[in-house]
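> here is a sequence with its predicted model. Questions after.
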Amino acid sequence: MIVAALLRDMAAIRASRQRQWGYNGAADAVLALDRPLDALVQGDGTLERVPGVGPSSTRIAFEVIRTGESATVEQAVAESGRAEEIRRKRTLRTLFFSRARVLEILRDERPGAVRATDLLGDLQMHSTWSDGGASIAELAKACEARGYRYCGVTDHSYGLRIARGMSADAMRIQHQEIAALNKHLGERFRVFRSIEVNIQPDGTLDMARSDLELLDLVVAAPHSNLRTTEDQTSRLLAVVATPGVHVLAHPTGRKFGERAGIVARWDEVFKAAAALGVAIEIDGDPWRQDVNFVLAQEAVRAGCLIALDSDAHSPRELVYAETAVAHARLAGIPASKIINCWSADRLLEWAALARRR
């Protein structure tokens, strides 16, 4: 995680788009490694080849392995004139896990805590209907291969144009595709009619109530006003009180090294969510990991249900759900409190109650 962060620093201070792309790609590759970096050091002192990590990034990795820091990066940052910006970014990197750390947590004995094998589905992912790279059928097939019994394909609603959000008419056509796919899949797997609806600054949603009622599952998430330091408790209280909302997704909106996310009185938000039956999501996207295990503990203590999701935009990203599981395990959350560890029938019964509240 340290190496990935330093490679992000190098990307941030480079003027060349190509070099930015190279360092960011190397950061992604390092973050995704399933073993600690020092385990990749070979007998001759060289580093095992990591696809996507070039000579400059490898040198930085070696410095960190030897000393815990990188003189190369620190000198480059000092000479860039952007040291204060980089210092700020470094404060926004706490409570994130690398893939190697995730796997370590999954292997740990934590009696009573959820396991990756407890998941029966994934309730946030995106297809080519919005900003994803795979069809609904491809996502369903990949979910089934992971041992799931169902999934929620939550393409973005029409208010989020940057993510090619669906119109209400497009959503209805998508539902026809889902119905045909479910008929083909039969009893072995089910795709829920779902959506990731956008939470507007005032806490309202960018979809009409009549459209929400057509869905099996509604995931609501903030995508704006994520950098302000103003308290947004009222915004979140408004959305959890909205009939038909099932999951408050990536609630803080934080991003690794980029933003701290929403400032709110989370104890009040979680208390309201628990009272109204709205689940709190742990989003497993490596650069989100939102909520983290500390906030997840607070949510469970308040009585909240939890959803553990990948936020995948392609089949290979479905593995991100395991990052969410790692946070849940550190928080000590049992499978009984996690809605996508329930059977499809139980989940849909719970969702129907939320639409009527």
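Happy to help now that I have it. Residues are numbered from 1 along each chain as shown.
> so which residues of the stretch 101-250 of the chain form strands?
Here the stretch 101-250 of the chain has its strands, by DSSP state E, counting those that start in this stretch, at 121-122, 150-153, 190-199, 217-222, 247-248.
> adding mean neighbour count, distance to residue 228 and mean pLDDT, write the ones you listed out as a markdown table.
The C-beta positions use only the backbone N, C-alpha and C, and glycine is treated the same way. Output for the strands of the stretch 101-250 of the chain, formatted as a markdown table (neighbours: other Cβ atoms under 10 Å; distance: least, Cβ to Cβ, whole Å; pLDDT from 0 to 100):
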| stretch | mean neighbour count | distance to residue 228 | mean pLDDT |
| --- | --- | --- | --- |
| strand 121-122 | 28 | 31 | 98 |
| strand 150-153 | 28 | 30 | 97 |
| strand 190-199 | 24 | 14 | 96 |
| strand 217-222 | 26 | 11 | 96 |
| strand 247-248 | 28 | 19 | 98 |
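> output these as TSV; include the columns distance to residue 75.
Shown next, in TSV, are the strands of the stretch 101-250 of the chain (distance: least, Cβ to Cβ, whole Å):
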stretch	distance to residue 75
strand 121-122	43
strand 150-153	47
strand 190-199	42
strand 217-222	38
strand 247-248	43
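> excluding its backbone neighbours, what's nearest residue 237?
Closest residue to residue 237 apart from its sequence neighbours, by Cβ to Cβ, 6 or more residues apart in numbering: residue 272 at 5.4 Å.
> which residue lies closest in space to residue 312, excluding its sequence neighbours?
Spatial nearest neighbour of residue 312, chain neighbours left out: residue 125 (4.3 Å); criterion: Cβ to Cβ, 6+ apart.
> would you mind measuring from that neighbour to residue 348?
As judged by Cβ to Cβ, to the nearest Å, residue 125 and residue 348 stand 18 Å apart.
> same deal with residue 257?
38 Å.
> who has more neighbours, those two?
Neighbour tally, residue 257 and residue 348, criterion other Cβ atoms under 10 Å: the higher count belongs to residue 257, 21 against 16.
> got the contact list for the more buried one?
When contacts are counted by Cβ atoms under 8 Å, 6 or more residues apart in numbering, residue 257 touches 5, 8, 89-90, 92-93.
> what of residue 171?
By Cβ under 8 Å, 6+ apart, the contact set of residue 171 is 157, 195, 211, 214.
> most neighbours, which of the residues you listed?
residue 195 (30 neighbours).
> isn't that residue right next to residue 158, touching?
No. The pair residue 195 / residue 158 is not scored as a contact, 9.8 Å apart, by Cβ atoms under 8 Å.
> shared neighbours of those two, anything?
With contacts taken as Cβ under 8 Å, 6+ apart, residue 195 and residue 158 have 166, 207 as neighbours in common.
> quick one: the helices in the protein, in order.
Here the chain has its helices, by DSSP state H, at 2-13, 17-31, 55-67, 71-80, 83-90, 99-107, 136-145, 168-185, 209-212, 233-240, 266-276, 293-301, 321-330, 344-356.
> most neighbours per residue, which of the ones you listed?
Mean neighbour count (mean count of other Cβ atoms under 10 Å) peaks for helix 321-330 among the helices of the chain, with a mean of 26.
> distance from that one to the middle of the chain?
11 Å (Cα atoms, centre = their mean, to the nearest Å).
> next, the angle from that helix to helix 136-145.
Angle, helix 321-330 to helix 136-145, by axes from the mean of the first three to the mean of the last three Cα atoms, to 10 degrees: 50 degrees.
> what's in contact with helix 321-330?
Residues from elsewhere that reach helix 321-330 (Cβ under 8 Å, 6+ apart): 97, 99, 101-103, 105-106, 108, 110, 113-116, 119, 122, 281-286, 289, 291-293, 296, 306, 308-310, 312, 338.
> going through the residues you listed, which ones are buried?
Buried members of the contacts of helix 321-330, counted by 16 or more other Cβ atoms under 10 Å: 97, 99, 102-103, 105-106, 110, 113-114, 116, 119, 122, 281-286, 289, 291-293, 296, 306, 308-310, 312, 338.
> residue 200 contacts residue 221, doesn't it?
No. Using Cβ under 8 Å as the test, residue 200 is too far from residue 221 to be in contact (11.4 Å).
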